[in-house]
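> coordinates only, sequence not included:
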């Protein structure tokens, strides 16, 4: 059985590895001349780690980092609104609750596991026939029993399969991502929420911090000096935010507008083609689940491949639609700018945490308690809802 994977990102590479280990003849087509993942850092939560365990890569990712100490959401003055600890989260899920790592490290790990002989770089896909499994490229046509479309947020394959379906919509929020030297000031894994503004910071190792920030902005807006724009937005916020921004390399700061699929697709497949990751369900990053859901898709698809792809849609569509919706709900909370609305939001979070100290973890249970399909004898995918 032959499969062609369109896209050499996290979802595409994971799908290729999982399918190859099921005995499929796999070819990954990536239009870039080399694998250069967009973005700097990312989180892989326990559900993603358990999915990676299926292909033997969970432990190598766990070894890269561990979230320790206090974790939660703070105000610009530094006061905690809601929090837990890395140890409490690990204990609740019986595993690392999450790790932070460079996106490039994960892509390199996946590419090494796949092997260079299965990866065709610099190959542009120009069309897909879902009925015959034919993939048209600038180097000629290829045919497969299964085509995996992992071609990103603005997936041409998704548009071709579902031409009448609405495209992803702009969330109203733009995001910056970057790396900075670890400061002398004590640093905790946290997000800080202000009036329409968010700043997050997470150590990757003893020397480097991954940071991100969001703000409301018109789509497509850019600044001549993105670092300066961040410093103006976050001046006066608690330490070490100004220190991180001052130390950041301005040339390494990436800015992207955030899009999401407001209306879920009617299916995550058509004919011989299955969609994974951002091609199937673009989401805002507020829950840190974009990469994790792509990895889940890949593992479930490989488990069910060879049968009717309707089973893949059944296993994944409602779950991913729920994660997209929950993530956008959090995004809406961060967009509040009215002083009264922000005060009410912050008070509600603080009071809820006081009465339910494990509030953060309870809210994450439905996502993080997911288990991958069993390796043999069971086709049911456990989704954390019971």
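Now that the structure is in, tell me what you want to look at. What you see is a predicted model; the values in this text were computed from it and never measured.

> And residue 335, how close does it get to residue 173?
7 Å (Cβ to Cβ, to the nearest Å). Where you see a C-beta, it was placed from the backbone N, CA and C, and this is true even at glycine.

> what do the two both touch?
Among the neighbours of residue 335, those also in contact with residue 173 (Cβ atoms under 8 Å, 6 or more residues apart in numbering) are residue 216.

> Give me the pLDDT value at the nearest residue to residue 333 once chain neighbours are set aside.
Nearest residue to residue 333, sequence neighbours excluded (Cβ to Cβ, 6 or more residues apart in numbering): residue 345, at 6.0 Å. Residue 345 carries a pLDDT score of 97 in this model.

> do the one 4 residues further on as well
At residue 349 the predicted local distance difference test score is 93.

> Just give me the neighbour total for it.
The local packing of residue 349 (other Cβ atoms under 10 Å) involves 20 other residues.

> Tell me, how many residues neighbour the closest residue in space to it that isn't next to it in sequence?
The spatially closest residue to residue 349, leaving aside those adjacent along the chain, is residue 81, at 4.4 Å (Cβ to Cβ, 6+ apart). For residue 81, the neighbour count with other Cβ under 10 Å is 21.

> Surely residue 81 is within a strand?
Yes - with DSSP: H, G, I helix; E, B strand; the rest coil as the criterion, residue 81 is part of a strand.

> That one contacts residue 72, correct?
Yes - assessed by Cβ atoms under 8 Å, residue 81 is found in contact with residue 72 at 7.2 Å.

> Could you measure from residue 164 over to residue 78?
For residue 164, the distance to residue 78 - Cβ to Cβ - is 49 Å.

> Neighbour count for the two, which is higher?
Between residue 164 and residue 78, counted using other Cβ under 10 Å, residue 78 has the larger neighbour count: 13 against 6.

> okay, now residue 35: neighbour count?
Around residue 35 there are 17 residues (other Cβ under 10 Å).

> Same question for residue 74.
When neighbours are defined as other Cβ under 10 Å, residue 74 has 22 of them.

> residues in contact with it?
Applying Cβ under 8 Å, 6+ apart to residue 74 gives the contacts 80, 81, 190, 191, 192, 193, 238.

> List the contacts of residue 286.
Neighbour list for residue 286: 327, 328, 330, 331, 334 [criterion: Cβ under 8 Å, 6+ apart].
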